[in-house]
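Q: here's a sequence, model it:
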Amino acid sequence: MTAYSNITDSQSIDDVMEDLGRGAKSAAQTLSLARTDAKNKALTSAAASMRKNSSEILSANDKDMAAAATKGLNAAMLDRLKLTDGRIESMAKGLEDIAVLKDPIGDVIAEWDFLWIRFSRTGGSSPCLWMFA
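A: This is a model prediction of the structure:
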């Protein structure tokens, strides 16, 4: 089990990140239309799945750690990559914490009236000011 199983050795990190970004953008559009209860169920189900599959996650992480070490990642980067039971539990708890928050989709945080100002030359030596509201 890997987080992104379509990665090949010939892909650059830029290509991988581009693919992940496209997927995230597509998912965001879908999630923006989902009902709050469906999103919360997905979050709590993901948390339960992380707990249930923690041994498989840790096994896959061991492979990732070995590959990262052979590529020369420094100790700080290896520490960030390393998963433990405690780190998996923290991630699962974080998903559950998000699920109990108020869904912000559709909330208006602030509104502004924009005043567009455009300067242009009218043929004379001084600029003309145009305002659009």
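
Q: any idea which helix or strand comes after the longest helix that the chain contains?
A: When every helix of the chain is counted residue by residue (DSSP state H), the longest turns out to be helix 13-33. Next helix or strand after helix 13-33 toward the C-terminus (DSSP states H and E): helix 36-52.

Q: could you give me the average pLDDT of that following helix?
A: Along helix 36-52, the predicted local confidence has a mean pLDDT of 97.

Q: if we can go back for a sec, run the angle between the longest helix of the chain and helix 36-52 for me.
A: On the basis of axes from the mean of the first three to the mean of the last three Cα atoms, to 10 degrees, helix 13-33 is oriented at 130 degrees to helix 36-52.

Q: average model confidence for helix 13-33?
A: Per-residue confidence for helix 13-33 averages out to 88 on the pLDDT scale.

Q: list the buried residues in it.
A: Taking 16 or more other Cβ atoms under 10 Å as the basis for neighbour counts, none of the residues of helix 13-33 comes out buried. C-beta: built from backbone N, CA, C; applies to glycine.

Q: now that helix - C-alpha only, PDB.
A: Presented in PDB, the C-alpha positions along helix 13-33 are these (Å, rounded to 0.1, in the frame of the first residue of the first chain):
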ATOM      1  CA  ILE A  13       8.900  15.100  -8.700                       C
ATOM      2  CA  ASP A  14       7.400  18.000 -10.700                       C
ATOM      3  CA  ASP A  15       5.300  15.500 -12.800                       C
ATOM      4  CA  VAL A  16       4.200  13.700  -9.700                       C
ATOM      5  CA  MET A  17       3.200  16.900  -7.900                       C
ATOM      6  CA  GLU A  18       1.400  18.200 -11.100                       C
ATOM      7  CA  ASP A  19      -0.600  14.900 -11.200                       C
ATOM      8  CA  LEU A  20      -1.500  15.200  -7.500                       C
ATOM      9  CA  GLY A  21      -2.500  18.800  -7.900                       C
ATOM     10  CA  ARG A  22      -4.800  18.000 -10.800                       C
ATOM     11  CA  GLY A  23      -6.400  15.200  -8.700                       C
ATOM     12  CA  ALA A  24      -6.800  17.500  -5.700                       C
ATOM     13  CA  LYS A  25      -8.500  20.200  -7.800                       C
ATOM     14  CA  SER A  26     -10.900  17.700  -9.200                       C
ATOM     15  CA  ALA A  27     -11.700  16.300  -5.800                       C
ATOM     16  CA  ALA A  28     -12.200  19.900  -4.400                       C
ATOM     17  CA  GLN A  29     -14.900  20.500  -7.000                       C
ATOM     18  CA  THR A  30     -16.700  17.300  -6.100                       C
ATOM     19  CA  LEU A  31     -16.400  17.900  -2.400                       C
ATOM     20  CA  SER A  32     -17.800  21.400  -2.700                       C
ATOM     21  CA  LEU A  33     -21.100  19.900  -3.800                       C
END
